[in-house]
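[1] Got a predicted model here, sequence first, then my questions.
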Amino acid sequence: MGNYIFTLTAVFQISVFLLTSYYLILSLFGLHRKKEKRKHEAKNSFALIVAAHNEEVVIGKIVESLIDLDYPKHLYDIFVIADNCTDKTANIAREHGAKVFERVNKDKRGKGYALEWMFAKIFKMNKKYDAVAVFDADNLVSKNFLNEMNNHMCEGYNVVQGYLDSKNPNDSWITQAYSISFWASNRLFQLARKNLGLSNQIGGTGFVINTKVLKKLGWGATCLTEDLEFTCKLVMNGEKVGWAHDAIVYDEKPLKLKESWKQRKRWMQGFSDVASRFFLKLIKKGIKERNIVAFDCALYVIQPFVVLLLGVSLLLTMAQNFTESGLNIFAINYLFPIYIWKGFSIFQFLLTPFVMVVEGKLSRKLFTLLALYSGNVFVMSHIVGDNPDLIVAVAAQGVFMAFFLGVTYVALGKLAFKQFMWYLLYGIYTLTWIPITIQGIIDKDKKEWSHTKHVRQIGIYDV
C-alpha cells in the first residue's frame with residue numbers, strides 16, 4: 001500500500017511540475033521584444049465602445065482621453081452604453097462628446113449582454129466601421145492607441161489586444177499586487193505568445209475586433225469572463241488574437257482585499273465556466289489538426305484547476321517534509337538537489353521584478369536590493385543551520401527582512417520602501433488565489449454580476 005501511495009503521488013507531482021514548467025518556459029520567450037514592423041498609414045475606421053453602469057464619477061475622463069487620441073477624427077466615433085444606469089452617466093458622457101445609447105434590461109445584466117446589444121446597433125448604422133474597440137468606463141487610453149491598432153490590423157490581424165496597465169499602482173498593497181500581476185502577464189504571457197506566433201488572450205478591455213469577423217462569428221459571449229469566452233471562440237474558428245505592446249490602456253485596480261476578492265472570484269467563476277465548455281473542444285482541435293495554438297489556449301483556460309493542483313502539490317510536499325517520520329509520499333523536491341531548488345526559488349523571486357525593470361516600473365537600484373535580499377535562501381542555512389527551531393528561523397528571517405527594508409528606506413526613499421514591502425506582500429496576494437479559485441469553481445454556474453464602484457477621477461496626465 002505504501003509503494004502504491006508513493007507511486008501515485010509521484011505521478012501527480014511530476015505531472016503538475018511538467019504542466020507548470022510549460023508555463024514557465026513559455027514565459028521566458030517574453031523577455032525579448034522583437035522589433036516592430038513598419039508603420040502604416042491610418043486607414044481603418046473604428047467604433048469606440050465604452051460599457052458603463054453607474055459610472056458618473058469616471059465616464060468623463062475616458063471620453064476625454066478617447067477624444068484626444070492621435071488619430072484622424074473622421075476615422076473614429078465614441079459610443080457609450082449607459083447600461084441600466086440610475087445616475088448621471090448618460091448625461092455626463094453626452095456633455096463630453098460621446099454618442100450615448102441607454103439600455104434597460106433587468107434580466108440580461110452584465111457587460112457581455114450590453115456589448116452584444118451595442119454591436120447589433122453598430123451593424124445597422126449607415127456609417128460603416130472597419131473595427132470596433134472596447135473599453136471599460138474607468139479606463140484611460142494612450143494617445144497612440146488607434147495608430148498601434150491600425151498598424152497591427154494592416155499586418156493581417158483581425159483581433160488585437162492592447163497593453164493593460166494600472167492607473168493607481170501605488171494606492172495600496174492590493175493595487176500594487178494587481179499592477180505587478182498585470183505587468184508580468186503583459187510581458188511573460190502576452191508578449192511571449194506573440195513572439196512564438198501563438199494566440200494572445202483578450203483582456204476584457206482595450207481590444208479591437210474586425211467588424212466582418214464579428215458579424216461572421218457573432219459575439220455570443222455573455223458569461224462573467226466574456227473576453228475569455230470570445231477568445232476561445234476565435235481560436236476554435238481559426239483566428240489568432242494579436243498583441244499591441246505599445247497600445248496602452250490604464251485600468252483602475254481595487255483598493256482593498258475585499259473588493260479584489262469579489263472581482264477575482266468573478267474571474268474564476270468565468271474561467272471555470274469557459275473551461276468546462278471549451279477545454280475538451282480545444283484539446284480535440286489541437287490533436288486533430290496538430291494545432292499548437294488551440295492546445296496552448298486549452299492549457300490557458302484551465303488555470304483555475306492548475307492553481308488547485310499547485311496548492312495540493314504544495315500541501316503534499318509540506319506534509320512529507322515537515323513530519324518527523326514522513327508519510328511515504330513523493331515530494332516535488334526529490335526531483336533535484338536542494339541547491340538547484342534554492343537557485344530556482346531565487347530565479348522565480350527575481351523574474352517578475354526583472355520584468356518590471358524592463359517595463360520601466362521598477363528602478364535598477366531597487367532590483368539590486370531585491371536580488372541581494374533573495375540570497376537569504378542560502379544565507380539562512382549558514383546562520384541558523386539546516387534544521388533550526390521554527391521560532392529561531394522566523395526571527396532570523398524577520399531581522400534579515402527588516403535590515404533590507406531599512407537600507408531601502410534610507411538609500412532609495414519612501415516609495416522604494418513601499419515597493420519592496422509590497423512585493424513581499426505580493427506572495428500573500430498570490431496565495432489568496434487558492435481559496436478564491438475554490439469558490440469560483442464551486443459557484444461557476446452563478447451568473448451574478450459584481451460592480452466595482454469608483455469614487456474619484458484620474459486623468460490621463462495623472463498616470
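    Looks like it arrived, so ask away. Numbering: from 1, shown residues only.
[2] Spatially central residue in the chain, please.
    Centroid-nearest residue in the chain, with CA atoms, centre = their mean: residue 182, separated by 4.8 Å.
[3] tell me which element that one is part of?
    Using DSSP states H and E, residue 182 falls within helix 173-185.
[4] what's in contact with that helix?
    164-166, 168-170, 251, 253-257, 259-260, 351-352, 355-356, 359, 361, 418-419, 421-423, 425-426, 429 (CB atoms under 8 Å, 6 or more residues apart in numbering). C-betas here are computed from N, CA, C, even on glycine.
[5] Then stretch 60-76?
    Looking at what lies outside stretch 60-76 - CB under 8 Å, 6+ apart - the contacts are 42-48, 50, 78, 80, 92-93, 95-98, 135-141, 143-147, 150, 457-460.
[6] Helices of the stretch 251-400 of the chain, start to end?
    Remark: helices assigned in the stretch 251-400 of the chain by DSSP state H, counting those that start in this stretch are 257-288, 292-301, 303-321, 338-358, 364-374, 376-384, 390-412.
[7] relative to helix 364-374, how tilted is the last one?
    To tie it back to what came earlier, the one meant is helix 390-412. Calculated by axes from the mean of the first three to the mean of the last three CA atoms, to 10 degrees, helix 390-412 forms an angle of 160 degrees with helix 364-374.
[8] same check, this time on the second one
    Following the same axes, to 10 degrees, one obtains 70 degrees for the angle between helix 292-301 and helix 364-374.
[9] helices and strands of this protein: which one bottoms out on pLDDT?
    helix 376-384 (a mean of 80; mean pLDDT, DSSP states H and E).
[10] got the CA positions of that one in PDB?
    Output of helix 376-384 as PDB, limited to C-alpha atoms (Å, rounded to 0.1, in the frame of the first residue of the first chain):
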ATOM      1  CA  ASN A 376      18.500  34.600   2.100                       C
ATOM      2  CA  VAL A 377      17.700  31.100   0.900                       C
ATOM      3  CA  PHE A 378      21.400  30.400   1.000                       C
ATOM      4  CA  VAL A 379      22.500  32.700   3.800                       C
ATOM      5  CA  MET A 380      19.900  31.500   6.400                       C
ATOM      6  CA  SER A 381      21.200  27.900   6.400                       C
ATOM      7  CA  HIS A 382      24.600  29.200   7.500                       C
ATOM      8  CA  ILE A 383      23.100  31.500  10.100                       C
ATOM      9  CA  VAL A 384      20.600  29.200  11.800                       C
END
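[11] buried stuff in it?
    By neighbour count on 16 or more other CB atoms under 10 Å, the buried set for helix 376-384 is 376-377, 380, 384.
[12] Restricted to strands, list the contacts of stretch 60-76.
    Members of those lying in strands (criterion: DSSP state E): 46-48, 50, 78, 80, 135-136, 140-141.
[13] Of those residues, which is the most crowded?
    residue 80 (30 neighbours; other CB atoms under 10 Å).
[14] Any idea what that residue is bridged to?
    Per DSSP bridges, the residues bridged to residue 80 are residue 50, residue 100.
[15] And it, how far from residue 356?
    34 Å (CB to CB, to the nearest Å).
[16] any idea how far the longest strand along the chain is from the chain center?
    Counting by DSSP E, the longest strand found in the chain is strand 241-251. Using CA atoms, centre = their mean, to the nearest Å, the mean C-alpha position of strand 241-251 is found 12 Å from that of the whole chain.
[17] now the chain, which segments are flagged as low pLDDT?
    1-2, 324-326, 385-388, 447-463 (pLDDT under 70).
[18] Now with 80, please.
    Applying pLDDT under 80 to the chain flags residues 1-3, 36-38, 221-224, 321-327, 380-390, 392-393, 444-463.
[19] picking that back up, can you tell me which of the buried residues of helix 376-384 lies nearest to residue 339?
    Closest approach to residue 339 among these (CB to CB): residue 377, at 9.7 Å.
[20] Against residue 439, how distant is that closest one?
    Distance from residue 377 to residue 439, by CB to CB: 32 Å.
[21] One more: residue 310?
    When distances are taken as CB to CB, residue 310 and residue 439 turn out to be 17 Å apart.
[22] How about residue 176?
    Distance of residue 176 to residue 439, computed by CB to CB: 23 Å.
[23] Also residue 242?
    When residue 242 is compared with residue 439 (using CB to CB), they lie 33 Å apart.
[24] So those two - more neighbours on which side?
    More crowded of residue 242 and residue 439, by other CB under 10 Å: residue 242, with 23 against 15.
[25] check contacts around the more buried one.
    152, 155, 157, 159-161, 194, 200.
[26] Quick check: closest non-adjacent residue to it.
    Once flanking residues are discounted, residue 242 sits nearest to residue 157: 3.4 Å by CB to CB, 6 or more residues apart in numbering.
[27] Can you point out the helix or strand that includes that neighbour?
    Of the helices and strands defined by DSSP H and E, none includes residue 157.
[28] For it, list the residues it contacts.
    Residue 157 neighbours (CB under 8 Å, 6+ apart): 240-242.
[29] now, which of these sits nearest residue 396?
    residue 241 (47.4 Å).
[30] my read: that closest one touches residue 231, true?
    Yes - using CB atoms under 8 Å, residue 241 is in contact with residue 231, at 6.1 Å.
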